[in-house]
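Colleague: Got a sequence here, can you model it:
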Amino acid sequence: MFVGSGQDMSRRVRQRVDDNGVDSPQRYLVISDDDNDLAPKAQDSVDWTSLSYDTVLLLFTRLNYRDRASLASTCRTWRSLGASSCLWTSLDLRPHKFDLSMAASLADRCANLQKVRFRGLDSADAMVNLRARNLVEISGDYCRKITDATLSMIAARHEALESLQLGPDFCERITSDAIKVIAFCCPKLRKLRLSGMRDVNSEAIESLAKHCPQLCDVGFLDCLNINEEALGKVVSLRYLSVAGTMNLNWRVAAENWEKLPRLTALDASRTSIDNVAVSRLMKSSQSLRVVCALNCPLLEHDVNVKGKLLLAMFNNAFKFDDNSKKTPKDVFAHWREMISKEDKSIDETMRWIEWIISHSLLRMAESNSQALNSFWLNQGAKLLLRLMQSSQEDVQERAATGLATFIVVDDENASIDCGRAEAVMRDGGIRLLLKLANSWREGLQSEAAKAIANLSVNANVAKAVAEEGGINVLAGLAKSMNRLVAEEAAGGLWNLSVGEEHKNEIAQAGGVNALVKLIFRWPNGCDGVLERAAGALANLAADDKCSTEVARAGGVHALVMLARNCKYEGAQEQAARALANLAAHGDSNNNNAAVGQEAGALEALVQLTKSPHEGVQQEAAGALWNLSFDDKNRESIAAFGGVEALVALAKECSDASTGLQERAAGALWGLSVSEANSIAIGQEGGIPPLIALAGSEAEDVHETAAGALWNLAFNPGNALRIVAEGGVVALVQLCSSSVSKMARFMAALALAYMFDGRMDEYAMIGSSSAESTSKSVSLPGARIKALKHIESFITTFMEPQVFAAAALSSAPSMLAQVSEKIRIPEVGHLRCSGSEIGRFVTMLRNPSPILKACAAFALVQFTIPGGRHAMHHASLMQNAGEARILRSAAAAANMPREAKIFAKIVLRNLEHHQAECSKGKKSIIL
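Modeller: So this is what the prediction gives:
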């Protein structure tokens, strides 16, 4: 039975949030009654109305604006408190669907609003409807679609604006025209930071110089062109960042910027600045104290100017360890000392340094350059961890995002740099991230959870996360009503659930319930949440105990709902994988039957095999394979068109991945257990693609195809088709040369089925297909070839000395020795029907001594104690009275020596199972 494992027990890493914030659904305003962390215990009596107003206000401050609105709706008093102006000075709209209607509903509370953080075009368009005329600070990300018109409207409605930041993603549609509007409408502007503009011309910069006399902090980051000369006219500038702008003329820049009377700090990271420009600026500018030049390829050596600091990757400024002292020094405290002990604005400068370094480190992490490996291991990781302790929330977030990103080697294949990940762990990063994840600020929770998720791809880090209590933290965050937080927490649980040692801990922490509820909470439009929740449930469902927990939590219904309704291939793939793993425990729980009984489950999986995405097809076929082990499911799959769909898939997957080929063949193998399905597969044209897959070099593929052909060969009409389509050659090749003993065994059994005489009888009936086959293929020649290779296969297990001794003595010890020599452990996982066992028993009477030996050999494999279904097979034989035929075969004079020995071993196995069964009954009576 197929169980999702190996590459299927998959992980995911994330570098940046991949949601543009436009299609995020509206969150439900619900305070969960069954949240154990919030609900009072049954024996407690809490009089919420007795809380002081200060306490209630403090509670309100810990909630986002939607939860504030929900809590305020409980009574008139709290409604009044919830509208207090002190609660509405700041809004973080990023996790929410913030549109025109929501803005209108919040407008009455926003008279004193001073700070807003938003995400995406829709939120930007709706912001003017807040009517927050006193806004001082606006910060936005995912701004690629924001146009001049939108930005101009925002500026025109907020004349008191002092700070405007858009990034770190590129503002590709914003031009210099919008900057001129900002300059004219926002005369109090002090800080302007924009990322990724194509061109910042002289007119725009001169407008800022003219209309914004207090402008002291400007950042034009990752822009294509900036007018260097015009920037020299913004005489109020104290902090300037042009990081990532490669087209600057540094001779012109140095000539103009050295004259800026107040310029304190310059960020030229990731630019073409060289030693000449740095030296000129640091020596000529009287006010300049700091130049940050991270990752500048033309800057080759340090520039030492007393009282001034150059932050570059090659100099001593980034050394964390002071060899002259026993304790490591804080590099930021070191910089503070180097800049100036007497500078009263040192705190402002250090906050700017933190901001620009966090931005540059994130950009460097996104570049994924191996040339920076030494920097990350020795300095970069420590810097990010130090920045996570900043007092600035946006710096903390960006540092956590950088930490999540710089360890990623290949996002698609969930590959991370283990050295970098373990460096974070060694430097105390896990504890710091968990501390941020426990913050009440949702932005920090989201980015910290993302970093924990990526780091947990490494098994050593995952172990450390679990030991530090990270599983409980992530399970708690997965219950968040903030979609971004819940999504990243689910990603963390997905990666942690790869480790077998973490599965039960996740279940005990309430992770299973939280993941299932995520699917119900955001069933549409939240692809990232759904994929991660389903992926984590898929990993957990591979564990027997956890699979029961998933089913008990409503996971079957949730996953089937995803498989039926979700259009996103990532969520479809993980939902199908989860259903496959749930159905893989047929012997230990009833999940297999439960999945089949869930309305629409089998039909949805059949439809998913027709998906244009290979990963979805593969997992859907794997689920159908596992589900086909249940008799009712098997027939229902066929009724929903499963035979036709899977035969079509087998025909199409000749050039597909081995995983898809294996599962397509496996699903047909499972369905072919039924005689009706077996005939339908043959008639539908399923035999040629299975023969082709039997010729695959991949062991898993040809082994599974051999199993399907073995089942199909039980029907004489299919046996004849296999011969006609050249299947004998493919099966003979497998029987003689496959590395897999299991594949060789099933190929031998398929050949034995085909040439035990029934196919000859079918051919003699004279059907049109039989006549054409008998004319095109020499059945006697094919029979001779098949029997020869069956004999050779059995002979490979016969050690001459052991068999010679067993032929002379039937002592249990000798039979046990033979049994051990010939045992194929994987065969113990095969489950045969009564008719299949009966056919092997009947084959003991076949005139061919080779087929007699093959039949006895097969019965030994199916009944050897320790096999998963050995007791079942023994019971079938006992109930059918097959022991008498076996005793006759063991004593028959015309029975070949090896067949006699095998028959005696089978009789011994039956006695063993009967004794075990008797013991079980006695223990029950006692």
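Colleague: For the rest of this, base every contact and every neighbour count on C-alpha atoms.
Modeller: Will do.
Colleague: leaving aside the residues next to it on the chain, what's closest to Leu830?
Modeller: Nearest residue to Leu830 in three dimensions, chain neighbours excluded: His869, at 6.9 Å (CA to CA, 6 or more residues apart in numbering).
Colleague: And for Leu248, the neighbour number?
Modeller: Counted with other CA atoms under 10 Å, residues neighbouring Leu248 total 19.
Colleague: Pretty sure it sits against Asp222.
Modeller: No. Leu248 is beyond contact range of Asp222, at 11.2 Å (criterion: CA atoms under 8 Å).
Colleague: sorry, back to before: who's in contact with the residue nearest to Leu830?
Modeller: For His869, the contacting residues are Gly828, His829, Leu830, Arg831, Phe862, Thr863, by CA atoms under 8 Å, 6 or more residues apart in numbering.
Colleague: one more time with 7 Å
Modeller: Gly828, His829, Leu830, Arg831 (CA atoms under 7 Å, 6 or more residues apart in numbering).
Colleague: quick one: Ala730 and Ala692 touch, right?
Modeller: No. Here Ala730 lies out of contact with Ala692, judged by CA atoms under 7 Å, at a distance of 8.1 Å.
Colleague: Comparing those two, which shows the higher neighbour count?
Modeller: Ala730 (21 against 18).
Colleague: tell me what the strand or helix carrying that one is packed against?
Modeller: Here Ala730 sits within helix 727-737, counting by DSSP states H and E. The contact analysis (3 or more CA pairs under 7 Å, 6 or more residues apart in numbering; DSSP states H and E) places helix 727-737 against helix 687-694, helix 741-754, helix 779-795.
Colleague: switch the cut-off to 6 Å
Modeller: helix 741-754 (3 or more CA pairs under 6 Å, 6 or more residues apart in numbering; DSSP states H and E).
Colleague: what angle sits between the helix it packs on and helix 779-795?
Modeller: 140 degrees (axes from the mean of the first three to the mean of the last three CA atoms, to 10 degrees).
Colleague: Now do helix 741-754 against helix 727-737, angle only.
Modeller: Going by the same axes, to 10 degrees, helix 741-754 is angled at 140 degrees with respect to helix 727-737.
Colleague: outside of helix 741-754, which residues touch it?
Modeller: Glu703, Ala706, Gly707, Trp710, Ala713, Phe714, Ala719, Leu731, Leu734, Cys735, Ile790 (CA atoms under 6 Å, 6 or more residues apart in numbering).
Colleague: can I get those in TSV with pLDDT?
Modeller: Converted to TSV, the contacts of helix 741-754 look like this (pLDDT from 0 to 100):
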residue	pLDDT
Glu703	96
Ala706	96
Gly707	95
Trp710	95
Ala713	94
Phe714	92
Ala719	93
Leu731	96
Leu734	95
Cys735	94
Ile790	95
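Colleague: would a markdown table of those with distance to Cys185 and neighbour count be doable?
Modeller: Shown next, in a markdown table, are the contacts of helix 741-754 (distance: CA to CA, whole Å; neighbours: other CA atoms under 10 Å):
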| residue | distance to Cys185 | neighbour count |
| --- | --- | --- |
| Glu703 | 73 | 28 |
| Ala706 | 76 | 32 |
| Gly707 | 76 | 28 |
| Trp710 | 80 | 26 |
| Ala713 | 82 | 28 |
| Phe714 | 84 | 26 |
| Ala719 | 84 | 28 |
| Leu731 | 81 | 31 |
| Leu734 | 79 | 26 |
| Cys735 | 83 | 29 |
| Ile790 | 89 | 25 |
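Colleague: Just the angle for the helix holding Ala730 relative to helix 687-694, thanks.
Modeller: 20 degrees.
Colleague: what comes into contact with helix 727-737?
Modeller: Among residues not part of helix 727-737, those counted as contacts by CA under 6 Å, 6+ apart are Ile691, Arg744, Ala747, Ala748.
Colleague: of those, buried ones?
Modeller: Ile691, Arg744, Ala747, Ala748 (16 or more other CA atoms under 10 Å).
Colleague: can I get those residues in JSON lines with pLDDT and distance to Ser50?
Modeller: Formatted as JSON lines, the buried ones among the contacts of helix 727-737 follow (pLDDT from 0 to 100; distance: CA to CA, whole Å):
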{"residue": "Ile691", "pLDDT": "97", "distance to Ser50": "77"}
{"residue": "Arg744", "pLDDT": "96", "distance to Ser50": "77"}
{"residue": "Ala747", "pLDDT": "96", "distance to Ser50": "78"}
{"residue": "Ala748", "pLDDT": "96", "distance to Ser50": "81"}
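Colleague: Tell me the one among the contacts of helix 741-754 nearest to Glu531.
Modeller: Glu703 (31.2 Å; CA to CA).
Colleague: Distance check, that closest one against Cys854.
Modeller: 19 Å (CA to CA, to the nearest Å).
Colleague: swap in Gly867?
Modeller: 19 Å.
Colleague: and if you look at Asn413?
Modeller: Counting by CA to CA, the gap from Asn413 to Cys854 is 45 Å.
Colleague: what's the answer for Val56, then?
Modeller: The gap separating Val56 from Cys854 is 80 Å, by CA to CA.
Colleague: what's the least confident helix or strand in the chain, going by average pLDDT?
Modeller: helix 768-776 (a mean of 49; mean pLDDT, DSSP states H and E).
Colleague: What are the structural domain limits within this structure?
Modeller: Split into domains by the TED database, the chain comes to 51-83, 110-214, 368-468, 479-640, 656-763+776-794, 802-923.
Colleague: Switch these over to a markdown table; also include distance to Lys306.
Modeller: Converted to a markdown table, the domains of the chain look like this (distance: least, CA to CA, whole Å):
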| stretch | distance to Lys306 |
| --- | --- |
| domain 51-83 | 46 |
| domain 110-214 | 29 |
| domain 368-468 | 24 |
| domain 479-640 | 46 |
| domain 656-763+776-794 | 63 |
| domain 802-923 | 75 |
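Colleague: distance between stretch 841-857 and the chain's centre?
Modeller: The chain centroid and the centroid of stretch 841-857 are separated by 50 Å, computed with CA atoms, centre = their mean, to the nearest Å.
Colleague: Identify all contacting residues around it.
Modeller: Glu791, Phe840, Ala899, Phe902, Ala903.
Colleague: mind checking how far the last one is from Thr863?
Modeller: Between Ala903 and Thr863 the distance, using CA to CA, works out to 11 Å.
Colleague: hmm, back to that, hey, C-alpha coordinates of the helix holding Ala730 in CSV?
Modeller: Extracted C-alpha coordinates of helix 727-737, given in CSV (Å, rounded to 0.1, in the frame of the first residue of the first chain):
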residue,chain,number,x,y,z
GLY,A,727,4.0,-8.8,-22.5
VAL,A,728,5.8,-12.1,-22.3
VAL,A,729,9.1,-10.5,-23.3
ALA,A,730,8.6,-7.7,-20.7
LEU,A,731,7.7,-10.2,-17.9
VAL,A,732,10.5,-12.5,-18.8
GLN,A,733,12.9,-9.6,-18.7
LEU,A,734,11.7,-8.6,-15.2
CYS,A,735,11.7,-12.2,-14.0
SER,A,736,15.3,-12.7,-14.9
SER,A,737,17.0,-9.3,-14.4
